[in-house]
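K.L.:
What would the 3D arrangement of this be:
(one chain, ligands or ions: 1)
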Amino acid sequence: MSAPPRSSPARQPALREHNLALVLGEIVASGPASRARVAASTGLTKATVSTLVDTLVAGGLLRESGPHPAGGVGRPGTDLVLAPGPVGIGLEINVDYVAVCTVDLAGMVCRHDLVARDLRSLGVRGALDCAADVLRAAVRAAGDAARVVGASPAEAVTGICVAVPGLVDGRRGLLRLAPNLAWRDVPVLDELRRRLVPAVDVPVVDVPVVDVPVDHPGRMPMRLDNEANLAALGELWAGGHTRPDGTPLRSFLHVSGEIGVGAAVVLDGGLFVGLRGFGGEIGHLPLDPSGRSCPCGASGCLEQYAGQEAILRRAGLDRPPRTSAGRPDGPIEELVRRAGEGDPAVLDAVTEAGHALGVAISVAVNLVDVDTVLLDGIYARLARWMREPVEAELAARVLSAAWDPVRVVVGALGSDAAVRGAATRAVRSVIEDPAAWLGRVRPLTP
Ligand SMILES: [Zn+2]
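P.N.:
Next up, the predicted model:
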């Protein structure tokens, strides 16, 4: 996991908060280091680094390891390492599964569970009961793991980030619309909090605010976001993608197909979500205004030509759609198997979907000017057959492709991308702003 870009000490009133993040970010980015090395690489004085490190150690974010010989000469030294206690928890509520993932400060996955249930048949209340059970188990496990390493269970969880397949009002923790779950205006965070609070030691924050520092002492922040956004962030932070020159990939269009088709734009390491966070609905980009009607109320949307159901129907595998994560033995497995065997109907269906997808992606690329497209979800599974038609449409329709072809890359995390991105987002909030975390778990010394 890369650290936030912080290249020099600040000279402002928020100096201490900035420098706390600078020191913690250095350990996250470069691994264990002595105080002297942190001072050298951050440009801070050794005395300042020592004071900041003491605060981060007291706040349960860093530990001292050692002592060990300092280069064979002189006094034994100690290295600063990330504390093993605090973790971020990601929860994904999807059409036919609930997944949970726990990630530590170093970005390592500590726990990953998936419960396959058809949430549509459970109704909103039953589905949220199921999601809360999965989340409760993860929170308890994080508390138990903290005790094992000598950390306080009250400081075990940096936050919870919930991924849902629909339009999200992050400030209210509200899922506005999820067509494939048939949910409308569901206060997901309130409902989870209500189910969770009696069961855990730590009360949960009462104002779910996205991208605003949460300053409620002793409380656990919760966020709600769209699965496509979080999947893109998962690939950004944990996918290990690089550009042709070997530098990390920081700008791309992420397109993921499951039952719906979602997209997210990442520009220079940040998510572009639009004014209200409703951007990225590539699945409802009109390919044929007089075409097949779509559950969204419009007609001829991309999902009707490149969504999972459309591909299965055209391939003659018309079954109730299941996500590839919720049903790993489901119709997508059969589709992939038959494509591998050269079944003409399946290859025709996948190729047609690839052309439709390529047309839609070319519209997005002409609009936002990215040079890399990441295919994820079922498109990653079908990339062997879909890449060529997608690339053909991009070459023909993206104006800049004549001198700078658009790269098509297959996602690295598959169906885990959204829950991994959610967990990483929950832990990165502390790495980017350790002062807010320290203020929550214990008052900062003046
Ligand atoms: Zn539509």
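K.L.:
Just to be sure, Asp113 is in a helix?
P.N.:
No: counting by DSSP: H, G, I helix; E, B strand; the rest coil, one finds Asp113 to be strand, located in no helix.
K.L.:
how about the residues of this protein that lie near the ion?
P.N.:
Within the chain, the positions near the ion by C-beta under 5 Å from the ion are His284, Cys294, Cys296, Ala298, Cys301. Just so you know, the C-beta spots here come from the backbone N, C-alpha and C atoms, and that holds for glycine as well.
K.L.:
Quick check: which of those has the minimum pLDDT.
P.N.:
Least confident of the residues of the chain next to the ion in the model: Cys296, at 82.
K.L.:
which other helices and strands contact the helix or strand harbouring Asp185?
P.N.:
Using DSSP states H and E, Asp185 falls within strand 183-186. The helices and strands touching strand 183-186, judged by 3 or more C-beta pairs under 8 Å, 6 or more residues apart in numbering; DSSP states H and E, are helix 119-148, strand 174-178.
K.L.:
downstream neighbour of it in the secondary structure list?
P.N.:
Downstream of strand 183-186, the first helix or strand assigned by DSSP H and E is helix 188-196.
K.L.:
what lines up beside the helix or strand following that next one in the sheet?
P.N.:
Using DSSP H and E, the helix or strand that directly follows helix 188-196 along the chain is strand 222-226. Paired neighbours of strand 222-226 in the sheet (DSSP bridges): strand 157-164 (parallel).
K.L.:
Pairing partners for the next helix or strand after the strand it pairs with, with directions?
P.N.:
Later in the chain than strand 157-164, the nearest helix or strand by DSSP H and E is strand 167-169. Applying DSSP bridges, strand 167-169 is found paired with strand 174-178 (antiparallel).
K.L.:
quick one, helices of the stretch 1-150 of the chain?
P.N.:
15-30, 35-42, 46-58, 119-148 (DSSP state H, counting those that start in this stretch).
K.L.:
give me phi/psi at the residue of the stretch 101-250 of the chain found nearest the ion?
P.N.:
Closest to the ion within the stretch 101-250 of the chain is Pro179: 7.9 Å, counting by C-beta to the ion. Taking degrees, to the nearest 10, you get phi -60, psi -40 for the backbone angles of Pro179.
K.L.:
Over to the closest residue to it other than its chain neighbours: give its phi and psi.
P.N.:
Nearest residue to Pro179, sequence neighbours excluded (C-beta to C-beta, 6 or more residues apart in numbering): Pro295, at 5.1 Å. Phi and psi for Pro295, reported as degrees, to the nearest 10, are phi -60, psi -20.
K.L.:
what does Leu287 give?
P.N.:
Here Leu287 shows phi and psi, under degrees, to the nearest 10, equal to phi -90, psi -30.
K.L.:
returning to what we had before: neighbouring strands of the strand holding Asp185 in the sheet, and parallel or not?
P.N.:
Sheet pairing for strand 183-186, using DSSP bridges, gives strand 174-178 (antiparallel).
K.L.:
looking at the helices of the stretch 1-150 of the chain, which is buried most?
P.N.:
Ranked by mean neighbour count, those are led by helix 15-30 with a mean of 21 (mean count of other C-beta atoms under 10 Å).
K.L.:
helices or strands next to that helix in the packing?
P.N.:
Counting contacts by 3+ C-beta pairs under 8 Å, 6+ apart, helix 15-30 is packed against helix 35-42, helix 46-58, strand 77-82, helix 417-432, helix 434-441.
K.L.:
where among those is the average confidence lowest?
P.N.:
When the helices and strands packed on helix 15-30 are ranked by mean pLDDT, helix 434-441 comes last with a mean of 81.
K.L.:
Redo the residues of the chain next to the ion as CSV? Include secondary structure and neighbour count.
P.N.:
Shown next, in CSV, are the residues of the chain next to the ion (DSSP: H, G, I helix; E, B strand; the rest coil; neighbours: other C-beta atoms under 10 Å):
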residue, secondary structure, neighbour count
His284, helix, 19
Cys294, coil, 18
Cys296, coil, 15
Ala298, coil, 14
Cys301, strand, 27
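K.L.:
Is Ala315 in contact with Ala349, as I believe?
P.N.:
Yes: using C-beta atoms under 8 Å, Ala315 is in contact with Ala349, at 3.8 Å.
K.L.:
Done for today, thanks.
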